[in-house]
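>>> Provided below are the primary sequence and the corresponding predicted coordinates.
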Amino acid sequence: MFKKFLLWTFFIGIALVTLFFTFVIYVNFSDGKRAGEVIKMSRKGVLVKTYEGQLNTGGFSDGGGDITSSIWHFSVKSTEKQVLDDIDKALDGGYRVKLYYREKYTKLFFLGDTKYFVYKVERVADGESSMD
């Protein structure tokens, strides 16, 4: 009887962990877009490699002449080769881009350092203002 209880508890625990990871990996909390200039892109990790970037979305003045910039951190899945190429071109060209992203409920170390995953990149035309 006790062995049966332990066996059921084990299988229910495995099912709950599987459901949790499936939910976290595949379900999005929100989606959106941000515009700015990509200032950093790196490949990180020892065993699990992830792509991490930073987007300077612009700045604001505190009234004293100093400008404070707003940096947004994002991740890119290694399977998104076109996105990685487009971000690399934006880094080389130094132009503004609009990044389309999906936000997850939580972050997992083997997916990336952030909850924001970029899936599409568009170049922002000169003179076009974009606010998020």
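Structure's in. What do you need?
>>> longest helix anywhere in the chain?
Longest helix of the chain, by residue count under DSSP state H: helix 2-26.
>>> which strands and helices sit next to the next helix or strand after that helix?
As assigned by DSSP states H and E, the chain's next helix or strand after helix 2-26 is strand 28-44. Helices and strands touching strand 28-44, as assessed by 3 or more Cβ pairs under 8 Å, 6 or more residues apart in numbering; DSSP states H and E, comprise strand 50-61, strand 67-76, helix 81-93, strand 96-104. C-betas here are computed from N, CA, C, even on glycine.
>>> can you rerun that using 10 Å?
strand 50-61, strand 67-76, helix 81-93, strand 96-104, strand 116-123 (3 or more Cβ pairs under 10 Å, 6 or more residues apart in numbering; DSSP states H and E).
>>> Quick check, pLDDT for Phe74.
As predicted, Phe74 sits at a pLDDT of 96.
>>> Surely it and Leu99 touch.
Yes - in this structure Phe74 lies within contact range of Leu99 using Cβ atoms under 10 Å: 6.6 Å.
>>> who has more neighbours, those two?
In this view Phe74 and Leu99 are compared by other Cβ atoms under 10 Å, and Leu99 has more residues nearby, 27 against 23.
>>> I figured that one was touching Gly32, is that so?
Yes - shown here, Leu99 and Gly32 form a contact pair, counting by Cβ under 10 Å, at 9.3 Å.
>>> still on that earlier bit, any residues in contact with both of Phe74 and Leu99?
Listed as contacting both Phe74 and Leu99 by Cβ atoms under 10 Å, 6 or more residues apart in numbering are 34, 38, 53, 55, 87, 116, 118.
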